[in-house]
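Visitor: using only what follows, build the 3D model:
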Amino acid sequence: HLGRHSTARKGGRLVLSTGCGTLKSLLTIMPLVVCLQKIRSLLLTLIIIMLSFGTSEPSSWDEPHPHKGVIPPFEAGDPKVQLDSEALSILASGKPYETQKKSESGNSGRALVVQDIHVPTTIVWDRILDYNNYSKMVPKTVESKNYAVEKLRNGQQIIYTRMKVGFPMFKLEFFVKHNYEPSKNSLTWTLDYTKRSDFDDSCGYWYVIPHPENPTQWTRVYYSIGVSMFSWVPKFAVDFMSSKALADATAWVKKHSELEYAKTASEREQAQEEKVQKKKRGHTDWFQRKRRKQKKTNSQDSLTTTSHSDESDVSTCPTTDSEGECTVPLIEPEKDAPVGVVRVALLTTVCGLALFNVHLYFSQ
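Guide: Coordinates of the predicted model:
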């Protein structure tokens, strides 16, 4: 009803101007927001309780669903969503871009949300595909566990998951068949119609691609869902469930992807630091080994020299005198050998020839 009245803010309090006068609220702006959130949460609780008791045939593992699908399933691949300047402006501010499409009957609701996440695409996919831990990440998810996984070619997987949403005392159970196709950057899902779920029908898709502006570090996520309740469920409940699913869809993916990225970034920094320290230790160890090796070589050379010296000192004395004391024998100088006859004859011949040449020179 706030849209029917003019509003103003005085002294930090909300003032509602009506035809009968001015009504000052006893609540400030922030408590009012908190109050509205509590009312919304209470409304969701009442819807879940209503669905829990209102379902004539509860979920069943053994019995099939009443039909094979009433909502057209999504096709894998690019959803062909056009983002105008307003949508891009919203995404640039860090907020999700939201829109909804509902059928004419009002019993089916289809929502769409686009979110930019500043983490690599692989981390976002890891969070989306971690169905066994959805109860720790996705709001109002009480239980979640895969009961079958089929691995096909090119990394494609068919994942069957049993989920329960709501509260411990009031839960809605449904069985989902996910089709993950990494070659098309998408994951689509429908109900597993071989089992009966508490929802009349549900289908949707994730489309996760690298961000156009920063493909290696950022991700753009597209999420859409179609929900169909049973005919006795009022229209406002369908609208609320669609709105709630839309609001919570990418919020938890963004939150837990960023937490995981911060964790892995810290681990990467630590690993890089250890690598640098190891490299430094490697250089230090190399120089230390080199010094130790040089020192060992010098020590061995010193020991070898000392050993030779000691051996020469303790060598056996060559001769001893009559009293047994060591004596060093005198080494006499070698005597000159006598001049040979051939040498004398050669010298005489040379001298004779020289005199003969002198005689010939003067005689001529």
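
Visitor: please save the CA atoms from the host helix or strand of residue 147 in PDB.
Guide: In the assignment (DSSP states H and E), residue 147 maps to strand 141-151. Taking only C-alpha atoms (Å, rounded to 0.1, in the frame of the first residue of the first chain), the coordinates of strand 141-151 have been written out as PDB:
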ATOM      1  CA  THR A 141      18.300 -26.300   1.000                       C
ATOM      2  CA  VAL A 142      18.100 -28.900   3.700                       C
ATOM      3  CA  GLU A 143      19.400 -32.000   1.800                       C
ATOM      4  CA  SER A 144      21.100 -32.500  -1.500                       C
ATOM      5  CA  LYS A 145      22.700 -35.700  -2.800                       C
ATOM      6  CA  ASN A 146      23.500 -37.200  -6.200                       C
ATOM      7  CA  TYR A 147      22.000 -40.600  -6.700                       C
ATOM      8  CA  ALA A 148      23.300 -41.300 -10.200                       C
ATOM      9  CA  VAL A 149      25.900 -39.800 -12.600                       C
ATOM     10  CA  GLU A 150      26.300 -40.800 -16.200                       C
ATOM     11  CA  LYS A 151      29.500 -39.700 -18.000                       C
END
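
Visitor: tell me what it is packed against?
Guide: Contact here means 3 or more C-beta pairs under 8 Å, 6 or more residues apart in numbering; DSSP states H and E; on that basis strand 141-151 packs against helix 134-137, strand 157-166. (Each C-beta comes from the backbone N, C-alpha and C, glycine too.)

Visitor: hang on, isn't residue 210 packed against residue 221?
Guide: No - taking contacts as C-beta atoms under 8 Å, residue 210 lies outside contact range of residue 221: 11.0 Å.

Visitor: for the stretch 251-364 of the chain, what spans make up the strands?
Guide: Ranges of strands in the stretch 251-364 of the chain, per DSSP state E, counting those that start in this stretch, are 319-320, 326-327.

Visitor: with the stretch 51-200 of the chain instead?
Guide: 97-102, 108-117, 141-151, 157-166, 171-181, 186-191.

Visitor: want to throw those into a markdown table with distance to residue 214, mean neighbour count and mean pLDDT?
Guide: A markdown table is the format used below for those (distance: least, C-beta to C-beta, whole Å; neighbours: other C-beta atoms under 10 Å; pLDDT from 0 to 100):
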| stretch | distance to residue 214 | mean neighbour count | mean pLDDT |
| --- | --- | --- | --- |
| strand 97-102 | 18 | 16 | 69 |
| strand 108-117 | 10 | 22 | 79 |
| strand 141-151 | 31 | 14 | 95 |
| strand 157-166 | 28 | 19 | 94 |
| strand 171-181 | 24 | 20 | 94 |
| strand 186-191 | 21 | 21 | 96 |
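
Visitor: indicate which one of those strands is closest to residue 74.
Guide: Counting by C-beta to C-beta, residue 74 lies closest to strand 186-191 out of the strands of the stretch 51-200 of the chain; the figure is 4.8 Å.

Visitor: can you show me the CA trace of the closest one as PDB?
Guide: This file holds the C-alpha atoms of strand 186-191, laid out as PDB (Å, rounded to 0.1, in the frame of the first residue of the first chain):
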ATOM      1  CA  SER A 186      25.600 -24.700 -20.300                       C
ATOM      2  CA  LEU A 187      23.700 -26.900 -17.800                       C
ATOM      3  CA  THR A 188      20.000 -27.600 -18.200                       C
ATOM      4  CA  TRP A 189      17.600 -29.400 -15.900                       C
ATOM      5  CA  THR A 190      14.200 -30.800 -15.600                       C
ATOM      6  CA  LEU A 191      12.500 -33.000 -13.000                       C
END
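
Visitor: picking that back up, is it possible to get JSON lines of the helices and strands packed on strand 141-151 that adds distance to residue 263?
Guide: Compiled in JSON lines, the helices and strands packed on strand 141-151 are given as follows (distance: least, C-beta to C-beta, whole Å):
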{"stretch": "helix 134-137", "distance to residue 263": "14"}
{"stretch": "strand 157-166", "distance to residue 263": "24"}
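
Visitor: how about those, which one is nearest residue 65?
Guide: With C-beta to C-beta, the closest approach to residue 65 among these belongs to strand 157-166: 13.5 Å.

Visitor: list the strands paired with the closest one, with their directions.
Guide: Counting by DSSP bridges, the strands paired with strand 157-166 are strand 141-151 (antiparallel), strand 171-181 (antiparallel).

Visitor: OK, contacts around residue 64?
Guide: The contact partners of residue 64, by C-beta atoms under 8 Å, 6 or more residues apart in numbering, come to 193-196.

Visitor: any of the residues you listed buried? List them.
Guide: Listed as buried from the contacts of residue 64 are 193, 195-196; burial here means 16 or more other C-beta atoms under 10 Å.

Visitor: which ones are touching residue 67?
Guide: Contacts were defined as C-beta under 8 Å, 6+ apart; by that measure residue 67 touches 193, 201.

Visitor: gap between residue 153 and residue 73?
Guide: From residue 153 over to residue 73 the distance is 21 Å, taken as C-beta to C-beta, to the nearest Å.

Visitor: residue 64 now?
Guide: Shown here: residue 64 relative to residue 73, a distance of 17 Å by C-beta to C-beta.
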